[in-house]
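pasted the sequence and its predicted model underneath.
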There are 2 protein chains.
Amino acid sequence: MDEFDLIRRFFTRAPGAGVVQGPGDDAALIEPTPGRQLVATTDTLVESRHFPADLDPAAIGWRALAANLSDLAAMGAEARWCLLALTLPSADEAWLQAFSAGFFELADVAGVQLVGGDINQGPLSITVQALGEVEPGQALTRTGARVGERLCIGGVPGEAAAGLECWWRGERSGPLVERFRRPRPQLELGRALRGKASACIDISDGLLADLAHLLGQDPGARVEAAQLPVSQALHAWPPDERRALQFGGGDDYLLLFTLPHEEPLPPECHEIGVITAEPGTQLFDEHGELLPPVDPGWKHFH
Amino acid sequence: MDEFDLIRRFFTRAPGAGVVQGPGDDAALIEPTPGRQLVATTDTLVESRHFPADLDPAAIGWRALAANLSDLAAMGAEARWCLLALTLPSADEAWLQAFSAGFFELADVAGVQLVGGDINQGPLSITVQALGEVEPGQALTRTGARVGERLCIGGVPGEAAAGLECWWRGERSGPLVERFRRPRPQLELGRALRGKASACIDISDGLLADLAHLLGQDPGARVEAAQLPVSQALHAWPPDERRALQFGGGDDYLLLFTLPHEEPLPPECHEIGVITAEPGTQLFDEHGELLPPVDPGWKHFH
């Protein structure tokens, strides 16, 4: 099987909305929606670095797309098209079958179309590029948080990191493992936050790490550890370990955003702190006591 | 240095035409030209597979972008924006300095802007996604070649493959090595062929391999080996070796296209054969004798 057979067998579907020409030519041909801006992002997943070497290929396919769609969600964009650059040690048909099934399962949920890509031989690595669209002036950005605004999160952080811990312990199912295997990019929430949130980012590196990216040089944030939502599955974990997972664990792909006073909190979102004039992040416990710093999370190089 | 420092130091420039927001947020924000279609492509370069492990980083940066821009050229598109997903064994500053210089050197020549990307740790691999624009109905595609049309090429094939051979022999300069180090995507030629060429592809895998992609199941082509242009640098090679490089060698990134009878041959292009009703490719020598098949070129998996 050459590259073209692989594309035909595993990655070709009938072209849908806005796709003039999908996979198979030198490039894809797309019809952008008139009057919209284009949102473009790319993310790579490297074996053993971004996922365990024994993770099932369906989960790898899902996660590679999810990481990118989450970036579109954090911009308030509608997900439209994507390209896939796949580097594989060999053209393993069973692997490709499962990988493409996981990839397309999320693509269908999110309404995104695969329009092109590239397949190569080499150490396992997956790069997806996602394209979305947003109304002019409506994109959410990382900058814009103002002192006094509420800091909010789109769900329960730490579950994906806990799921990865479970995976390492040999668990292959359960709600936490599923949160790691198949994170759900919050595209609907991102769309709902347009014109409402003053700043937004997705949590891929960890809550505190991405909060630092949101805050930049200034302002700062006061985070109430007791306000962090905890799911039933996470309740079983020792408090210290749970706190490390919730503040430092990545892979949740939840939106972290700031809301002005007058904006109501969207459903299933949680207020976890407030933006302060003092730079940096300070964590407080339920008694108003300052907590010691927590490892802020994922590092791209170590 | 974390990922954000690397992006700031080596990959951030002032936003230009059509870029509402460049690197640094969750995704890039782009203003497409009203009334144009979008052309999207992605290509990965893996160390030791697509380039020698001792190739200088400036050449790696140039080539990673060139492979993608050549796909845009083959569609007749104007190159506009790109994203870069870089996987590196370590955050080596000297390497990044040279890589980004080579990347931006071609970006400046081609008028393309880097709007975003991703940097990760892992085995060296570079994925670029390029976005271009084309007038509706004007994109060149691989399909469309008709019997009797001329088969044409945008320059001298085989020079990049010969340059790679020279590199393996220890040569580090000279015209052939430069053709491998810094191939020039034929964006202007692609634009000039809009509305004229009936089919077009770029030669990345090798002349015969990409010709087979252009022809598909049918039609076929008769190629005159004697009509293949040979440069002074290539004249020094033994005829058999030269023929293998010219027909089987990849990396030239020249355009291969078909022209109807009435269309004049663009400057610096060469007519090398004709489209035939009989499927497949047949090579003929200067006496009209059928030549034995040549290894068609690069395989994505072996």
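Looks like it arrived, so ask away.

so A:Gln129 touches B:Trp81, yeah?
No - counting by Cβ atoms under 8 Å, A:Gln129 stays clear of B:Trp81, with 11.2 Å between them. Where you see a C-beta, it was placed from the backbone N, CA and C, and this is true even at glycine.

neighbour count for these two, which is higher?
Here A:Gln129 and B:Trp81 are compared on neighbour count by other Cβ atoms under 10 Å in any protein chain shown; more neighbours surround A:Gln129, at 31 against 26.

partner strands of the strand or helix carrying that one and their direction?
Here A:Gln129, judged by DSSP states H and E, is contained in strand A:125-134. Sheet partners assigned to strand A:125-134 using DSSP bridges are listed as strand A:37-46 (antiparallel), strand A:78-88 (antiparallel).

re the thing from before, so what sits against both of A:Gln129 and B:Trp81?
A:Ala40 (Cβ atoms under 8 Å, 6 or more residues apart in numbering or on different chains).

buried residues in stretch A:283-292?
A:Leu283, A:Phe284 (16 or more other Cβ atoms under 10 Å in any protein chain shown).

what average pLDDT does it get?
Stretch A:283-292 carries an average pLDDT of 92.

and what of stretch A:138-147?
95.

now stretch A:26-43
Stretch A:26-43 comes out at a mean pLDDT of 96.

how about the CA coordinates for that stretch, as PDB?
Output of stretch A:26-43 as PDB, limited to C-alpha atoms (Å, rounded to 0.1, in the frame of the first residue of the first chain):
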ATOM      1  CA  ASP A  26      -1.800  18.800  -4.300                       C
ATOM      2  CA  ALA A  27      -3.900  20.800  -1.800                       C
ATOM      3  CA  ALA A  28      -7.500  21.100  -0.600                       C
ATOM      4  CA  LEU A  29      -9.800  23.800  -2.100                       C
ATOM      5  CA  ILE A  30     -12.100  25.400   0.400                       C
ATOM      6  CA  GLU A  31     -14.900  28.000   0.100                       C
ATOM      7  CA  PRO A  32     -14.700  30.300   3.200                       C
ATOM      8  CA  THR A  33     -18.000  31.800   4.400                       C
ATOM      9  CA  PRO A  34     -18.200  35.400   3.100                       C
ATOM     10  CA  GLY A  35     -17.700  38.000   5.800                       C
ATOM     11  CA  ARG A  36     -16.100  35.700   8.300                       C
ATOM     12  CA  GLN A  37     -12.600  35.600   9.700                       C
ATOM     13  CA  LEU A  38     -10.500  32.500   9.500                       C
ATOM     14  CA  VAL A  39      -9.100  30.900  12.700                       C
ATOM     15  CA  ALA A  40      -6.100  28.600  12.200                       C
ATOM     16  CA  THR A  41      -4.200  26.400  14.600                       C
ATOM     17  CA  THR A  42      -1.900  23.400  14.700                       C
ATOM     18  CA  ASP A  43      -0.900  21.000  17.400                       C
END
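
buried ones in it?
A:26-30, A:32, A:36-43.

the closest residue to A:Leu131 other than its chain neighbours and A:Gly18, how far apart?
Nearest non-adjacent residue to A:Leu131, counting by Cβ to Cβ, 6 or more residues apart in numbering or on different chains: A:Trp81, 4.5 Å away. Separation of A:Trp81 from A:Gly18 (Cβ to Cβ, to the nearest Å) stands at 7 Å.

which residues are common contacts for the two?
Shared contacts of A:Trp81 and A:Gly18, defined by Cβ under 8 Å, 6+ apart, are found at A:Ile30, A:Gln113.

now do the helices in the stretch 101-250 of chain A.
Ranges of helices within the stretch 101-250 of chain A are A:159-168, A:175-181, A:187-193, A:207-215, A:232-235, A:239-248, based on DSSP state H, counting those that start in this stretch.

what's the closest of the ones you listed to chain B?
Of all the helices of the stretch 101-250 of chain A, helix A:207-215 sits nearest to chain B, with 7.3 Å by Cβ to the nearest Cβ.

which single residue of the stretch 101-250 of chain A ends up nearest chain B?
A:Gly122 (3.6 Å).

list phi and psi for that residue.
phi 160, psi -170 (degrees, to the nearest 10).

how about it, what does it touch?
By Cβ under 8 Å, 6+ apart, the neighbours of A:Gly122 are A:Thr87, A:Leu88, A:Pro89, B:Thr44, B:Val46, B:Glu47, B:Arg49, B:Pro123, B:Ser125.

what is the burial count for the residue lying closest to A:Leu86 once chain neighbours are set aside?
Excluding the flanking residues, the one nearest A:Leu86 by Cβ to Cβ, 6+ apart is A:Ile119, at 5.0 Å. A:Ile119 has 21 neighbours, counted by other Cβ under 10 Å.

same check, this time on the one 5 residues further on
In terms of burial, A:Leu124 registers 20 neighbours under the definition other Cβ under 10 Å.

show me how chain A divides into domains.
Residue ranges for the domains of chain A, per automatic domain parsing: A:3-134, A:150-284.

and the first one, how far apart are its ends?
If I follow you right, that is domain A:3-134. 34 Å (Cα to Cα, to the nearest Å).

same question for the longest one.
Using Cα to Cα, the gap from the first to the last residue of domain A:150-284 comes to 15 Å.

give me the distance from it to the chain's centre.
11 Å (Cα atoms, centre = their mean, to the nearest Å).

ok, now stretch A:104-120?
That offset, for stretch A:104-120, works out to 16 Å (Cα atoms, centre = their mean).

where does the prediction get shaky in the stretch 1-150 of chain A?
Low-confidence segments of the stretch 1-150 of chain A, defined by pLDDT under 70: A:1.

which residues in it form strands?
Using DSSP state E, counting those that start in this stretch, the strands of the stretch 1-150 of chain A run over A:19-21, A:28-30, A:37-46, A:78-88, A:113-121, A:125-134, A:150-153.

in a markdown table: the ones you listed, plus distance to A:Ala209.
Shown next, in a markdown table, are those (distance: least, Cβ to Cβ, whole Å):
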| stretch | distance to A:Ala209 |
| --- | --- |
| strand A:19-21 | 36 |
| strand A:28-30 | 33 |
| strand A:37-46 | 15 |
| strand A:78-88 | 24 |
| strand A:113-121 | 30 |
| strand A:125-134 | 21 |
| strand A:150-153 | 14 |
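
that older thread, do you know which of the strands paired with strand A:125-134 lies nearest A:Asp71?
strand A:37-46 (4.0 Å; Cβ to Cβ).

which residues touch the residue nearest to A:Glu105 when sequence neighbours are not counted?
Of all residues not flanking A:Glu105 in the chain, A:Trp62 sits nearest, at 6.3 Å (Cβ to Cβ, 6+ apart). For A:Trp62, the contacting residues are A:Gly102, A:Phe103, A:Glu105, A:Leu106, A:Arg181, A:Arg182, A:Pro183, by Cβ under 8 Å, 6+ apart.

at 6 Å what do you get?
A:Gly102, A:Leu106, A:Arg182 (Cβ atoms under 6 Å, 6 or more residues apart in numbering or on different chains).

gap between it and A:Ser100?
11 Å.

OK, contacts around A:Arg13?
So A:Arg13 contacts nothing (Cβ under 6 Å, 6+ apart).

for it, phi and psi?
Torsion angles, degrees, to the nearest 10, at A:Arg13: phi -130, psi 160.

what's the first-to-last distance across stretch A:254-274?
18 Å.
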